[in-house]
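Peer 1: Whatever this is, show me its structure:
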Amino acid sequence: MPALISHTDDEIARARTLYEETNLSPKDIAKILGIGDNTFFRRVKAWGWRRRRLRVAEVDAAALEAAGARDEALRTLGREVIDHRLAAEDRAEDAILGQIAALEAMRERVAVAAYSTIDSERGARTLYRLAQALTEIARARNEKAKLALASRNDDRPGAEPEDLDAMRNMLADRLERLRAQFEGDAAYEDAAPRASGEG
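Peer 2: Here you go, the predicted structure:
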């Protein structure tokens, strides 16, 4: 029978550190100690070291706990981002509606005065761009509302699509009135030079 290989306390302490705190393979640690794999595992048990299987289970449990905390933090952050985006959409919508109201007020102020074709075209282009922006905001909100209803996880008030439809209808009516007014002015401007040229 071969003689038992003995190790100093320093060698054992260094091997224990390698085994419990690093990912160095047990085979490599056994080579460092100058013993075989089976002997190494018997001595790990005899020396009372913490088995790697247990360490892996502890690490896995800690990782699962950290993942749960991280997921909750991401959900909270996601809600904050969504709320921020909704607030930004509301501000953009308010600004656009303010511009439309200003355009209407300007149109009413100059209705008596001669309103040039250039101003009329500029107003029509502005209304077109504003309508595009409102349509884009409404489309984004409608998609978000559909996603929220599909997931049933959205507990924010005001995500109901009925409100969006009412808002969209009101804006469409308002834009149609403005477009009709601007087109009427443009037709008047086109007819006025011809009438003065004939006389």
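
Peer 1: what is the rounded mean pLDDT of stretch 14-32?
Peer 2: Averaging pLDDT along stretch 14-32 gives 86.

Peer 1: Could you give me the buried positions within that stretch?
Peer 2: Neighbour-count burial for stretch 14-32, counted by 16 or more other CB atoms under 10 Å, picks out 15, 16, 18, 19, 29, 30. Where C-beta positions appear, they are placed from N, C-alpha and C, glycine not excepted.

Peer 1: and of those, the nearest to residue 71?
Peer 2: residue 19 (32.8 Å; CB to CB).

Peer 1: quick one, domains of the chain?
Peer 2: 9-50, 77-190 (automatic domain parsing).

Peer 1: Least reliable of those by average pLDDT, please.
Peer 2: When the domains of the chain are compared by mean pLDDT, domain 77-190 comes last with a mean of 72.

Peer 1: Quick check: the two most widely separated of the buried residues of stretch 14-32?
Peer 2: Among the buried residues of stretch 14-32, 16 and 30 lie farthest apart (CB to CB), at 13.0 Å.

Peer 1: quick one on the thing from earlier: in helices, which of the buried residues of stretch 14-32 appear?
Peer 2: 15, 16, 18, 19, 29, 30 (DSSP state H).

Peer 1: Pretty sure the fifth one sits against residue 19.
Peer 2: Spelled out, it's residue 29. Yes. Using CB atoms under 8 Å, residue 29 is in contact with residue 19, at 5.6 Å.

Peer 1: what's the single longest helix in this structure?
Peer 2: What stands out as the longest helix in the chain, according to DSSP H, is helix 52-109.
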